[in-house]
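> the following comprises the amino acid sequence and a computationally predicted model.
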Amino acid sequence: MDWQTTSLGAAQAWPNALTALSRMMLTSPIPMALLAGREGIMLYNDGYIAIAGGRHPECFGASVLSAWPEVAEFNAAIIDRVFAGESISYEDQNFTFHRNGVAESVWLDLDYSPILDDDGSVVAVLALVVETTKRVMAEQELAQSREQLSLALGSSAIVGTWDWHVPQDLVYSDEKFARLYGVDPQVASHGTAIAAFIRTIHPDDVQSVGSAMQSAMDTGSRFSQEYRLVQEDGSIKWVLAEGQPLIDQNGHCIRFPGVSVDITAQKEAVEAHARSEIGFRTLADAMPQMVWSTLPDGFHDYYNARWYEFTGVPAGSTDGEGWSGMFHEEDQERAWTAWRHSLKTGDAYQIEYRLRHHTGVYRWVLGRALPIRGEKGKITRWYGTCTDVHDAKMVQAEREIVAHELSHRIKNIFSVLSGIISLSARSAPESRSFADLLRKRIEAMGRAHDFVRPHSRTSRPVDLETSIFGLSRRLLEPYGLEEMDNRIVFAGDDTLIGDSAATPLALLLHELATNSAKYGAFSHAAGHLTIAGRHDRENYVLEWKEGGNPVALRQPEQEGFGSRLMKISVEGQLGGQFQRQWEEDGVRVRVSVPVASILRSSKLTARP
């Protein structure tokens with residue numbers, strides 16, 4: 001090294017102390033550096049090369065202030081303090097170095113001492129440098145791991161950990177484990193006899209726990225045991241303890257570490273579920289209905305006692321899909337289709353089918369099922385019932401037969417009345433006009449009755465519509481509905497009608513059609529009719545609007561019987577409002593009727 005290029009000058013002229021210490025430093029394995037003079041000219045040994053990294057050898061003979069610019073301020077302060085006669089030490093001092101081209105965190109143990117010349121003046125600073133980066137980072141990682149473990153244990157059901165050093169009979173545990181077993185955490189952290197922990201175990205469980213631990217220690221197998229702990233307040237805690245004994249080469253257990261999990265909540269939930277299950281089965285067996293349940297996929301796994309009493313089949317024989325064989329063969333596909341739809345959509349299941357009785361006959365039952373959903377809305381089970389409705393079904397069938405017979409006779413009465421009126425008119429020609437009107441009104445009532453009367457599968461017309469528009473089409477047929485089809489428009493909302501409203505509505509529509517045939521749209525080729533409906537909250541509004549009249553209609557001076565009949569039908573029988581206006585091209589009638597009055601039915605319904 002050409003030292004004349006530095007502020008130190010030729011080596012032969014160095015102070016004796018600097019020369020002697022340089023020789024001693026170069027032969028030492030301990031990382032050392034001399035910072036000579038106020039500029040801190042660097043001299044270091046081979047041990048320091050690893051600390052210098054990529055800055056070696058350029059930093060040898062250079063000022064420490066320029067060689068380590070990122071810590072120049074720190075080193076300048078060190079030089080000033082040591083030249084003032086101070087000795088300084090640092091432990092695990094953290095720096096950010098760029099010694100290998102990139103920033104890196106470095107930890108160092110540092111000792112700085114002054115080097116004195118013969119006259120007592122300070123000529124250099126001796127630095128002992130030991131890098132502790134690996135140790136510090138390892139300790140940080142260990143601390144982080146412990147922190148993560150502590151957080152994991154704290155947020156999980158694990159009560160805590162233990163480590164039993166068997167030969168010394170010392171159990172070391174964390175705070176949570178110690179408190180649960182009634183041991184002072186401070187004592188447990190330094191180790192205490194296992195007897196201190198065993199005393200908290202429920203007396204009925206001590207023997208089984210001891211036997212399981214001894215077996216694990218003898219065989220080296222994994223230990224797993226559920227048992228109870230008696231707390232200081234007398235309450236009971238359930239724990240699941242698991243551990244793995246460590247066996248030496250002589251077959252002796254030297255350590256027994258493990259963890260304990262608090263399973264009290266799970267145990268209480270299982271017991272509550274068991275009590276609930278017993279209560280459910282007791283209630284289900286006491287019900288008169290057949291009760292069943294399935295898994296979310298529809299697998300039948302439970303039937304109550306009523307099911308087996310009704311069907312007479314052995315217990316368990318209808319689990320899974322075995323229930324399908326109990327249906328009448330004509331109902332099986334229909335029942336399966338409805339059940340698959342409910343399983344797919346989650347919709348409620350409801351269907352009537354014939355189920356084989358233990359006597360061998362098939363009886364009608366009403367099957368219903370609802371899904372039970374979890375917190376996230378997912379179906380967890382299906383619960384259903386089967387109710388025997390066979391007797392009610394038979395009574396209903398009998399009522400329908402009687403109703404059909406009565407309806408048929410009423411229809412015949414309408415026909416007889418029409419015939420009587422026609423025959424009477426022949427003997428009294430002066431009353432023929434009145435008789436025709438009366439007969440047509442009775443025929444309209446007959447059509448209304450035919451519209452809403454009970455029908456069998458054979459008597460019911462294919463195109464029968466039980467609605468306002470359907471009734472209107474039926475009543476307009478006598479006026480050439482097919483010929484006027486392109487001149488009659490149905491618009492807006494249609495609505496269903498009950499049998500109680502059919503007669504007054506039929507009389508209303510018949511009178512409107514009769515007047516139209518005499519004076520309005522049906523009386524000339526250019527006439528047209530619009531029948532429009534709309535829902536207005538709790539009312540249904542029907543408008544009859546004729547147009548195309550060549551001559552404007554005038555409101556009659558006196559109100560005829562037909563007008564009074566329409567008002568009585570709407571306002572008296574249906575509780576609605578009737579309005580009529582004569583416009584230039586035709587009449588407009590507006591009827592507003594409560595929906596409840598339109599839907600009202602007088603039919604008897606079978607009790608379930």
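Arrived safely.

> show me where pLDDT drops low in the stretch 1-150 of the chain?
145-150 (pLDDT under 70).

> now do the helices in it.
For the stretch 1-150 of the chain, the helices defined by DSSP state H, counting those that start in this stretch occupy 16-26, 46-52, 64-67, 72-83, 133-155.

> please identify the most buried of those.
helix 64-67 (a mean of 19; mean count of other C-beta atoms under 10 Å). C-beta: built from backbone N, CA, C; applies to glycine.

> what's next to it, contact-wise?
Helix 64-67 has contacts (C-beta atoms under 8 Å, 6 or more residues apart in numbering) with 33, 35, 39-42, 55, 58-59, 72, 75-76, 79.

> now do that helix: distance to the chain's middle.
Averaging C-alpha positions (C-alpha atoms, centre = their mean, to the nearest Å) puts helix 64-67 66 Å from its chain's average.

> ok, now stretch 122-135?
For stretch 122-135, the distance to the chain centre is 64 Å (C-alpha atoms, centre = their mean).

> what sits closest to D248 if chain neighbours are left out?
Using C-beta to C-beta, 6 or more residues apart in numbering and skipping the chain neighbours, the partner closest in space to D248 is I254 (5.1 Å).

> need phi/psi at that neighbour.
Torsion angles at I254 (phi, psi; degrees, to the nearest 10) stand at phi -100, psi -30.

> same deal with N549?
Per degrees, to the nearest 10, the backbone of N549 is at phi -70, psi 130.

> hang on, it packs against H524?
Yes: using C-beta atoms under 8 Å, N549 is in contact with H524, at 7.3 Å.

> and the two? Which one has more around it.
It is N549, of N549 and H524, that has more neighbours when counted by other C-beta atoms under 10 Å, with 22 against 12.

> distance of that one from V591?
21 Å (C-beta to C-beta, to the nearest Å).

> kindly report the same for A103.
For A103, the distance to V591 (C-beta to C-beta) stands at 90 Å.

> what about those two, which has more around it?
Set A103 next to V591 and count neighbours by other C-beta under 10 Å: V591 wins out with 25 against 10.

> name the SS class of that one, please.
strand (DSSP: H, G, I helix; E, B strand; the rest coil).

> give me the spatial nearest neighbour of it, chain neighbours excluded.
Closest to V591 by C-beta to C-beta, 6+ apart is L542, at 4.7 Å.

> name the SS class of the one you found, please.
Assignment for L542 (three-state DSSP): strand.

> again, but for the one 3 residues further on
Counting by three-state DSSP, the backbone at K545 sits in strand.

> and the protein, what are its domains?
Annotated domains of the chain cover 3-132, 156-262, 269-388, 396-599 [automatic domain parsing].

> worst average pLDDT in those?
For the domains of the chain, the weakest mean pLDDT is recorded on domain 396-599, namely a mean of 76.

> now distance to I372 too, for the helices of the stretch 1-150 of the chain, in JSON lines please.
Converted to JSON lines, these look like this (distance: least, C-beta to C-beta, whole Å):
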{"stretch": "helix 16-26", "distance to I372": "83"}
{"stretch": "helix 46-52", "distance to I372": "70"}
{"stretch": "helix 64-67", "distance to I372": "77"}
{"stretch": "helix 72-83", "distance to I372": "71"}
{"stretch": "helix 133-155", "distance to I372": "31"}
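
> closest to R373 out of the ones you listed?
Across the helices of the stretch 1-150 of the chain, R373 has its closest neighbour in helix 133-155 (28.4 Å, C-beta to C-beta).

> now the element after the helix or strand that G470 is a member of, going C-ward?
Following DSSP states H and E, one finds G470 within helix 468-476. Using DSSP H and E, the next helix or strand after helix 468-476 towards the C-terminus is strand 488-492.

> using CSV, write out the CA atom coordinates for that next one.
The C-alpha coordinates for strand 488-492 follow below in CSV (Å, rounded to 0.1, in the frame of the first residue of the first chain):
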residue,chain,number,x,y,z
ILE,A,488,-115.3,-6.7,-31.6
VAL,A,489,-112.1,-6.0,-29.7
PHE,A,490,-111.3,-7.3,-26.2
ALA,A,491,-108.6,-5.2,-24.5
GLY,A,492,-106.9,-4.8,-21.1
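
> ok, back up a step: need the contacts of helix 64-67 in CSV with distance to D205, can you?
CSV is the format used below for these (distance: C-beta to C-beta, whole Å):
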residue, distance to D205
A33, 67
L35, 71
E39, 78
G40, 73
I41, 77
M42, 72
R55, 68
E58, 73
C59, 70
A72, 70
N75, 68
A76, 71
I79, 72
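
> of all these, which comes closest to G360?
Relative to G360, and with distances defined as C-beta to C-beta, the nearest of the contacts of helix 64-67 is R55, at 102.8 Å.

> what's the neighbour count on the closest residue to the closest one other than its chain neighbours?
Spatial nearest neighbour of R55, chain neighbours left out: R99 (5.4 Å); criterion: C-beta to C-beta, 6+ apart. When neighbours are defined as other C-beta under 10 Å, R99 has 20 of them.

> contacts only, for the residue nearest to V591.
I468, I531, A532, G533, R590, V591, S592, V593.

> do the same with A216
Under the criterion of C-beta under 8 Å, 6+ apart, the contact list for A216 reads R222, F223, G243, P245, F256.

> and of the residues you listed, the nearest to V395?
R222 (68.4 Å).

> who's H165 bridged to?
In this entry, H165 is beta-bridged to L170, R255, by DSSP bridges.

> I'd assumed H190 was in contact with it.
No: the criterion here is C-beta under 8 Å, and H165 misses it with H190 at 11.9 Å.

> more neighbours: which of these two?
The residue with more neighbours, out of H165 and H190, is H165; 15 against 9, by other C-beta under 10 Å.

> what about the strands in the stretch 151-300 of the chain?
Per DSSP state E, counting those that start in this stretch, the stretch 151-300 of the chain carries strands over the ranges 158-165, 170-173, 223-230, 236-243, 246-247, 253-262, 290-294, 300-303.

> closest to V171 among the contacts of L542?
G533 (86.6 Å).

> burial count for W323?
Residues near W323, counting by other C-beta under 10 Å: 22.

> so who does it touch?
Contacts of W323 by C-beta under 8 Å, 6+ apart are W292, H300.

> could you verify that it is part of a strand?
No: read with three-state DSSP, W323 is helix and lies in no strand.

> ok, now which ones touch Q4?
Q4 neighbours (C-beta under 8 Å, 6+ apart): A10.

> mind checking how far it is from K176?
71 Å.

> okay but V587 is in contact with Q579, surely?
No: if you go by C-beta under 8 Å, V587 and Q579 don't touch, sitting 11.1 Å apart.

> returning to that earlier point: just send the domains of the chain back as TSV, with distance to E139 too.
Formatted as TSV, the domains of the chain follow (distance: least, C-beta to C-beta, whole Å):
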stretch	distance to E139
domain 3-132	9
domain 156-262	19
domain 269-388	43
domain 396-599	78
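
> quick one: closest of the ones you listed to E141.
Among the domains of the chain, domain 3-132 comes nearest to E141, with 13.2 Å by C-beta to C-beta.

> hmm, back to that, between V587 and Q579, who's got more neighbours?
V587 (21 against 11).

> quick one: residues contacting the more buried one.
By C-beta under 8 Å, 6+ apart, V587 lies in contact with N515, S516, G520, W544, K545, E546, L553, R580, Q581.

> could you point out which element follows the helix or strand containing the second one?
Put plainly, it is S516. Per DSSP H and E, S516 falls inside helix 499-518. Next helix or strand after helix 499-518 toward the C-terminus (DSSP H and E): strand 528-536.

> partner strands of that next one, with direction?
Here, using DSSP bridges, strand 528-536 pairs with strand 488-492 (parallel), strand 539-547 (antiparallel).

> next, the angle helix 499-518 makes with the last one.
Strand 539-547 and helix 499-518 meet at an angle of 10 degrees, taking axes from the mean of the first three to the mean of the last three C-alpha atoms, to 10 degrees as the criterion.
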